[in-house]
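1. What would the 3D arrangement of this be:
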Amino acid sequence: MRAPQSRRSRACWPGSPEAEAARVHLLHLHSGFDAGGKELRAVRLMQAFGPGVRHTIVSAQPGAHGAARLVDPALEVAYPLDFPSLQGLPSPARLHAIARAMRPFDLVLTYNWGAMDAVMARRLFAPLLALPPLVHHEDGFNQDEAQGLKPQRNLFRRLALPAASALVVPSRRLEAIALETWHQPRGRVVQIVNGIDAAACIATPPADAIPGLVKAPGEKWVGTLAGLRKVKNLPRLVRAFAALPGEWKLVIAGEGPERAEIEAEAARLDIAGRVHLPGFVSPPAGVVGLFDIFALSSDSEQFPISLVEAMAAGVPVASPAVGDVAAMVTPANRDFVSPAGDETALAAALARLAADADLRARLGAANRAHARAHYGEDAMISAYRRTYAQAMGRTSFP
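-> A predicted model of the protein is given here:
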């Protein structure tokens, strides 16, 4: 998606130069800004902060701005096309250009490995250029680190991350990596679990809540909400689903470059008519209740927001034991969290859940109560406000 041009809403501009100067201006440097979990969380925080904050958003992947359409038009958001590239060899000249581009902002927010060069740029040039504070967010790893972290990247992170006022992670696993592998001090690492608006997670959405797709009477759905990326290993989910009875359909809601591979696997297994890829659905929380089973098949996750949304809608979960998934679901649902990478065990978990409607109902009810008790978004938003305020040396944010 082409980056939108800057937007200026009348609601955003109080009018006086003094008032404008007082507004906080955040620079968001994303590894990519397509609609995935971290992007949806960033959008939700932007909207919670309201029109008192201005935003500039840069994607390390050119054209990856799919989440832009979810941003409230009342906010002032810019998507500059001339920001120095976040990709390439970290030469002093390129890092210096990134550092200069960060100067006009009040706070820089960087996300994942794709923005780590900006963290290093601040480490090198902050004293020379009087750069604003920076908070780095790590939400997980792409396919190239799903099976193990790269030593050279670990070293680069250790060298760069002292530039960050805080390193925010959503999961206990990432917190342990930050402390033990990246050698970050305890005071820099902040764990903030992903929260959701539980009231928005509808337990019984309309059968046509997903555009272009209607759930027929008597039909059962295994569903997931995921970017169609290699690390999500969605062909694995197609294979694990394939043996379920004919009344079961597989719905994979999301966008990304792996669509053709998923469709090819469904065709190879002769179940293409039972596998649906409707694209990104908005809001995800409004449709996840259509699923009878929520499933993940990822090689790497940390604290997936989509799983929390499914739990809040009263849906049982089948997933590999990646990230914090086993700790996120209720104890009874942990029997359906299979060893990471074990496709046969994932298929068996799906089959057991598909065969027992009463079991699905019990697990779904327990998941709903647990999610609503522990994963509310108010605590998450408050924690981010506090972290950003502390980075800026303020008592409140915005």
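
2. Tell me the secondary structure of the nearest residue to residue 90 once chain neighbours are set aside, please.
-> Of all residues not flanking residue 90 in the chain, residue 117 sits nearest, at 5.2 Å (C-beta to C-beta, 6 or more residues apart in numbering). For every residue, glycine as well, the C-beta is placed using N, CA and C. Of the three states, residue 117 takes helix under DSSP: H, G, I helix; E, B strand; the rest coil.

3. Tell me who's in contact with residue 117.
-> 86, 87, 88, 90, 94, 95, 98 (C-beta atoms under 8 Å, 6 or more residues apart in numbering).

4. Now do stretch 129-137: distance to the chain's middle.
-> 22 Å (C-alpha atoms, centre = their mean, to the nearest Å).

5. CA atoms only: put it into CSV for me.
-> Listed next in CSV are the C-alpha coordinates belonging to stretch 129-137 (Å, rounded to 0.1, in the frame of the first residue of the first chain):
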residue,chain,number,x,y,z
LEU,A,129,22.9,16.3,17.7
ALA,A,130,20.9,16.6,21.0
LEU,A,131,18.5,13.9,19.9
PRO,A,132,15.2,13.2,21.6
PRO,A,133,14.6,10.2,23.9
LEU,A,134,13.9,6.9,22.4
VAL,A,135,11.8,3.9,23.5
HIS,A,136,12.3,0.6,21.7
HIS,A,137,9.6,-2.1,21.3
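
6. From what I see, residue 168 and residue 192 are in contact.
-> Yes - contact criterion C-beta atoms under 8 Å: residue 168 and residue 192 qualify, at 5.7 Å.

7. who's more crowded, those two?
-> Set residue 168 next to residue 192 and count neighbours by other C-beta atoms under 10 Å: residue 168 wins out with 23 against 20.

8. and the gap between residue 358 and residue 316?
-> Separation of residue 358 from residue 316 (C-beta to C-beta, to the nearest Å): 11 Å.

9. So between the two, which is more surrounded?
-> Neighbours were counted for residue 358 and for residue 316 using other C-beta under 10 Å; residue 316 has more, 28 against 7.

10. That one reaches residue 335, doesn't it?
-> No - taking contacts as C-beta under 8 Å, residue 316 lies outside contact range of residue 335: 10.4 Å.

11. I'd guessed residue 212 sits against residue 281; true?
-> No - shown here, residue 212 and residue 281 do not form a contact pair, counting by C-beta under 8 Å, at 10.0 Å.

12. of those two, who's got more company?
-> residue 281 (22 against 9).

13. And the strands in the stretch 251-398 of the chain?
-> 275-276, 293-295, 317-320, 337-338 (DSSP state E, counting those that start in this stretch).

14. Let me know the closest of the contacts of residue 117 to residue 285.
-> The closest of the contacts of residue 117 to residue 285 turns out to be residue 86 (C-beta to C-beta; 30.3 Å).

15. Quick check: that closest one is in a strand.
-> No - under three-state DSSP, residue 86 sits outside any strand and is assigned coil.

16. State the distance from the closest residue in space to it that isn't next to it in sequence to residue 118.
-> Excluding its sequence neighbours, the residue lying closest to residue 86 (C-beta to C-beta, 6+ apart) is residue 60, at 3.8 Å. Distance of residue 60 to residue 118, given as C-beta to C-beta: 9 Å.
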